[in-house]
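Asks: predicted structure and sequence below. I'll ask about it afterward.
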Amino acid sequence: MQEVLAQITWYHHITILDKVKEPDARDFYIQSTISQGWSRDVLVRQIEGLYQRQRRTLLSRYSPKEPAAWLFACTV
């Protein structure tokens, strides 16, 4: 976990700790920040815009039996 945390800036950490209370949601935003390359401002907008809920909704529409759709959904 320490290696993952070292991949984002201190300002990202402060933002996540301040705005996101659930540990699972914090992990989600850390991973998304790393994989999507979000700036701190983008991270704030994503948290305030309920990015997590939107992504879960999108991913729940596809089953693993549809590999092309699943791959697309995971990269959105």
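Replies: That came through, no problem.
Asks: use CA for all of it now, contacts and neighbours both
Replies: Fine.
Asks: quick check: longest helix of the chain.
Replies: Identified as the longest helix of the chain according to DSSP state H is helix 23-36.
Asks: can you pull the phi/psi pair for residue 39?
Replies: Note on residue 39: its backbone torsions stand at phi -70, psi 170 [degrees, to the nearest 10].
Asks: ok, now how distant is it from residue 3?
Replies: Using Cα to Cα, to the nearest Å, residue 39 is found at 19 Å from residue 3.
Asks: who has more neighbours, the two?
Replies: Applying other Cα atoms under 10 Å to residue 39 and residue 3 shows that residue 39 carries more neighbours, namely 15 against 7.
Asks: list the contacts for that one?
Replies: Counting by Cα atoms under 8 Å, 6 or more residues apart in numbering, residue 39 touches residue 33.
Asks: neighbours around residue 12, how many?
Replies: Residue 12 is flanked by 21 other residues according to other Cα under 10 Å.
Asks: please name the nearest non-neighbouring residue to it.
Replies: Sequence neighbours aside, residue 40 is the residue nearest to residue 12 in space, at 5.6 Å (criterion: Cα to Cα, 6 or more residues apart in numbering).
Asks: likewise for residue 20?
Replies: residue 26 (6.0 Å).
Asks: find the least confident helix or strand in the protein, judged by mean pLDDT.
Replies: Scoring the helices and strands of the chain by mean pLDDT, DSSP states H and E places helix 67-75 at the bottom, with a mean of 51.
Asks: residues contacting the residue nearest to residue 20?
Replies: Residue 26 makes contacts with 16, 17, 20, as judged by Cα under 8 Å, 6+ apart.
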